[in-house]
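1. Using only what follows, build the 3D model:
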Amino acid sequence: MKYTLNATDSKTKARTGVLETDHGNIQTPIFMPVGTLGTVKGVHVKELKEDIKAQIILGNTYHLYLRPGTDVLEQAGGLHKFNGWDKPILTDSGGFQVFSLADNRKLTEEGAIFRSHIDGSKHVFTPENVMDIQRSIGADIIMAFDECPSGTASYDYAKKSLELTQRWLERCVSQFDSTKDKYGYEQSLFPIVQGCVYPDLRIKAAEHVASFNRDGYAIGGLAVGEPAPQMYEMIEVVNEVLPQNKPRYLMGVGTPINILEAISRGVDMFDCVMPTRNGRNGMIFTSEGTINIRNKKWSRDFSPLDPNGSSYVDQTYSKAYVRHLIHSGEILGSQICSIHNLAFYLWLVDTARHKIEEGSFYEWKNEMVEKLGRRL
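-> Below is the predicted model:
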């Protein structure tokens, strides 16, 4: 896997680049639609490629391990063959999901003992078997197994948690490097920077992950309860340490404003469930602000969801029609909103990329942040 830095913005830390994988190249900055169970909810592969123009999607180790299971995925030839997506895939290690099961898991030096949210069965995740599971899933980019503490965790807890994550990372790297790519294409391991909202811990974590000289690095444990200004501060602290010639992935973030602010601080890759989850509930992101399509004000508005969005989305459906679908509980309403929101997110990072290369990112970003903060 190779990353090439192409352009940088003169007024911010924003940059563009290309990440080359055996399943295709990824132009950065990029947003990655979340396909937790191997599918982006309500969205066909054809729509991901043609309408949304996704370049890479996510799967989740915890969920895919529980169902359909690695035995099924291996028999299928990996997740790419199983779901029909022939472009890059990244898998989250499942650490966040395991540790969110506070009442159903036990944390030890060895790993995490947890009970399935499906049937209550007992399982163990260790740094070693999480590497093996992700090999079996067949991700192009594999995430290290870590603990993700709350954004409001105490310093003492965050310090102990980081030390455990660092010991686990050493075991992840050892296991990953001692095993082979599963399906004939290259797989890469990204370590994760933790440290909560404490600059000294974040610096320590960034220096530790950088010492392993991997193909890329992730910033985890943000947008988990801390104020946005603290999140931006931690991004700045970490990116001062992480190598300039490797991609940086901000995990689970976030709103369109979050993404633009993070791009301006040197982040290259993003993922978040917000476009689809919020879309299913009638929240629509547009180039002029956010719409709650459930509101009565849209019931006789026959204009497109985003009148200025012809460059990124199908203009077939009106606000009034989509509101009708959502209020009626029609599945098509959720599908339209999900596809629209994902297309908007991909348009946003694609436009950011062009603005960086043109030298006008700073002014455009400030204008967009003001618009994106509006409730229409």
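2. From here on, just use CA atoms for contacts and neighbour counts.
-> OK.
3. By mean pLDDT, point me to the weakest helix or strand of this protein.
-> Averaged element by element with mean pLDDT, DSSP states H and E, the chain has its least confident helix or strand at helix 95-100 (a mean of 72).
4. Domain-wise, how is the chain divided?
-> Per automatic domain parsing, the structural domains of the chain span 2-272, 279-364.
5. and those as TSV, adding mean neighbour count?
-> Supplementary listing: these in TSV, determined by neighbours: other C-alpha atoms under 10 Å:
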stretch	mean neighbour count
domain 2-272	20
domain 279-364	19
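6. Export the ones you listed as a markdown table, with columns for distance to Arg374.
-> Below are the domains of the chain laid out as a markdown table (distance: least, C-alpha to C-alpha, whole Å):
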| stretch | distance to Arg374 |
| --- | --- |
| domain 2-272 | 11 |
| domain 279-364 | 5 |
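7. Select, out of these, the one closest to Gly373.
-> With C-alpha to C-alpha as the measure, domain 279-364 is the member of these nearest Gly373 (6.1 Å).
8. coming back round to it: show me what whichever helix or strand comes after the least confident helix or strand of the chain pairs with in its sheet, parallel or antiparallel.
-> Using DSSP states H and E, the helix or strand that follows helix 95-100 towards the C-terminus is strand 105-107. For strand 105-107, sheet partners with direction are given as strand 112-115 (antiparallel), following DSSP bridges.
9. what residues are up against the residue nearest to the spatial centre of the chain?
-> Nearest residue to the geometric centre of the chain (C-alpha atoms, centre = their mean): Asp271, 1.9 Å. Contact analysis of Asp271 by C-alpha atoms under 8 Å, 6 or more residues apart in numbering lists 31-34, 58, 250-254.
10. Counting only strands, which of those make the cut?
-> 31-32, 58, 250 (DSSP state E).
11. Could you identify the most distant pair in those?
-> Leu58 and Leu250 (13.2 Å).
12. residue with max distance from the center of this protein?
-> Among the C-alpha atoms of the chain, the one farthest from their average position, using C-alpha atoms, centre = their mean, is that of Arg300, at 35.7 Å.
13. Below-threshold pLDDT in this protein: ranges please.
-> Per-residue confidence of the chain (counting by pLDDT under 70) places the weak regions at 99, 101-102.
14. if you set the cut-off to 80 instead, what comes out?
-> In the predicted model of the chain, residues 95-105 satisfy pLDDT under 80.
15. And Glu20, which helix or strand is it part of?
-> strand 15-21.
16. In the stretch 51-200 of the chain, mark out all the helices, start to finish.
-> Under the criterion DSSP state H, counting those that start in this stretch, the stretch 51-200 of the chain carries helices at the ranges 61-66, 70-76, 79-83, 95-100, 127-137, 155-177, 199-210.
17. want to throw these into TSV with distance to Gly221?
-> Listed next are the helices of the stretch 51-200 of the chain as TSV, based on distance: least, C-alpha to C-alpha, whole Å:
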stretch	distance to Gly221
helix 61-66	17
helix 70-76	27
helix 79-83	26
helix 95-100	9
helix 127-137	18
helix 155-177	10
helix 199-210	10
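18. quick one: which of the ones you listed is nearest Glu109?
-> Short answer: helix 155-177, nearest of the helices of the stretch 51-200 of the chain by C-alpha to C-alpha, at 7.2 Å.
19. Measure how that closest one sits relative to helix 199-210, angle-wise.
-> Angle, helix 155-177 to helix 199-210, by axes from the mean of the first three to the mean of the last three C-alpha atoms, to 10 degrees: 10 degrees.
20. Please save the CA atoms from helix 155-177 in PDB.
-> In PDB, the C-alpha atoms belonging to helix 155-177 read as follows (Å, rounded to 0.1, in the frame of the first residue of the first chain):
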ATOM      1  CA  TYR A 155      -6.600  11.400  33.400                       C
ATOM      2  CA  ASP A 156      -5.700   8.400  35.400                       C
ATOM      3  CA  TYR A 157      -8.100   6.200  33.600                       C
ATOM      4  CA  ALA A 158      -7.100   7.500  30.200                       C
ATOM      5  CA  LYS A 159      -3.400   6.900  31.000                       C
ATOM      6  CA  LYS A 160      -3.900   3.300  32.100                       C
ATOM      7  CA  SER A 161      -6.200   2.700  29.100                       C
ATOM      8  CA  LEU A 162      -3.500   4.100  26.700                       C
ATOM      9  CA  GLU A 163      -0.800   1.900  28.300                       C
ATOM     10  CA  LEU A 164      -3.000  -1.100  27.700                       C
ATOM     11  CA  THR A 165      -3.700  -0.100  24.100                       C
ATOM     12  CA  GLN A 166       0.000   0.300  23.500                       C
ATOM     13  CA  ARG A 167       0.800  -3.100  24.800                       C
ATOM     14  CA  TRP A 168      -2.000  -4.500  22.700                       C
ATOM     15  CA  LEU A 169      -0.700  -2.700  19.600                       C
ATOM     16  CA  GLU A 170       2.700  -4.500  20.000                       C
ATOM     17  CA  ARG A 171       0.900  -7.800  20.000                       C
ATOM     18  CA  CYS A 172      -1.300  -6.800  17.000                       C
ATOM     19  CA  VAL A 173       1.800  -5.900  15.000                       C
ATOM     20  CA  SER A 174       3.600  -9.100  16.000                       C
ATOM     21  CA  GLN A 175       0.600 -11.200  15.000                       C
ATOM     22  CA  PHE A 176      -0.100  -9.200  11.800                       C
ATOM     23  CA  ASP A 177       3.500  -9.400  10.700                       C
END
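21. Quick one: distance of that helix to the chain centre.
-> Here the centre of helix 155-177 is set off from its chain's centre by 21 Å, with C-alpha atoms, centre = their mean, to the nearest Å.
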